[in-house]
Every structure is written in structure tokens, then in C-alpha cells.
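**Q** Please work out how this folds:
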Amino acid sequence: MTDLFGHDAPLVTETTFAEFWALVPCKIARAAAERKWKQLGQTARKAATDAVAGFYRWWRKENPDATWLHPATYLHNRRWEDDWTDPIGSAPVVTLKFWADWINSDKPLPTMGIPSRVQAAVFSAGLVSSQRMNDRIG
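**A** Numbering: from 1, shown residues only. Here you go, the predicted model:
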């Protein structure tokens, strides 16, 4: 397959709900989660799937006595974009990539801002230049 300029276009593989659901440790309210899934774009679906296992490990570590977070809530609140750290890794790569892509783009920054811990991590990982960080965040 080629793009408009005759270059080989990358194949976009769709992340399926089944792939996401297989990684969710608490199989609660599947229908509600699937409805939320259908409202997400492909990029968000991939990011949600890539982060879900690490997020739930973090959730359980930080909230040992709490009930499980429903997968529909995880999707609805875009919890993969939150500032959290996978207990078996230093920082979820997908989260850093998400924020680096946002900072490197021209999209408006979120009204909540970008957590300073995330700013430091994307800079330390070499995902955003100091010039771009200063231009976007100040």
C-alpha cells in the first residue's frame, strides 16, 4: 500500500477490545467498558491497551484496600494519561510517549497542565528538547 506521494504507507493495526480486555485484571462490567472503548479513537485505544496492566499494578499498590477500578472508568477518565508509575518499572513508556507527543505537537496544552514530574521524565528520556519544552510550557 502506498500513500499519496508513492511512498510505502505503514500498515495501521487496529487494537481490539479483546486485546484490551485480556489485559484487564478485573473483568467487571464488560458491556460498559466496550461502550466506552467504541468512543475512543485508535490512538487512544492503543495507549489505553499499552498502559492498562501497569496502571492496575499501580492502582493495587497505591489502593490495597480499595475495590478494583472498573475498566469502563479507566477508559472514560483516560487513566492511562494520569501521572502514575508502574511498580515494576520506572515510568510507563506509553505515558511518557503520550506526553512527549503532546508537547512536541501544536495541540493546546491541557487545562490541568502537565505534571512537573512528567515534564522532567520526558526531558530526561530525551523525548522533548529543552527548547521545545520552554516554548510550550515556559
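**Q** Give me the neighbour count for residue 125.
**A** 14 (other C-beta atoms under 10 Å). Every residue, glycine included, has its C-beta placed from N, CA and C.
**Q** How about it: what's its closest non-neighbour residue?
**A** In this structure, residue 125 finds its nearest non-sequential neighbour in residue 96, 5.8 Å apart by C-beta to C-beta, 6 or more residues apart in numbering.
**Q** ok, that neighbour to residue 19 distance?
**A** 21 Å (C-beta to C-beta, to the nearest Å).
**Q** repeat for residue 44
**A** 14 Å.
**Q** Residue 124 now?
**A** 30 Å.
**Q** Who has more neighbours out of residue 96 and residue 19?
**A** residue 96 (18 against 13).
**Q** Can you name the residues that contact residue 127?
**A** 96-97, 100, 104 (C-beta atoms under 8 Å, 6 or more residues apart in numbering).
**Q** Mind doing that once more with 7 Å?
**A** 96-97, 100 (C-beta atoms under 7 Å, 6 or more residues apart in numbering).
**Q** What helix or strand is it located in?
**A** Counting by DSSP states H and E, no helix or strand carries residue 127.
**Q** Phi and psi next, for it.
**A** Torsion angles at residue 127 (phi, psi; degrees, to the nearest 10) stand at phi -90, psi -20.
**Q** Remind me what the longest helix belonging to the chain packs against, helices and strands.
**A** For the chain, the helix with the greatest residue count under DSSP state H is helix 42-62. With contacts taken as 3 or more C-beta pairs under 7 Å, 6 or more residues apart in numbering; DSSP states H and E, helix 42-62 sits against helix 17-23, helix 71-76, helix 93-104.
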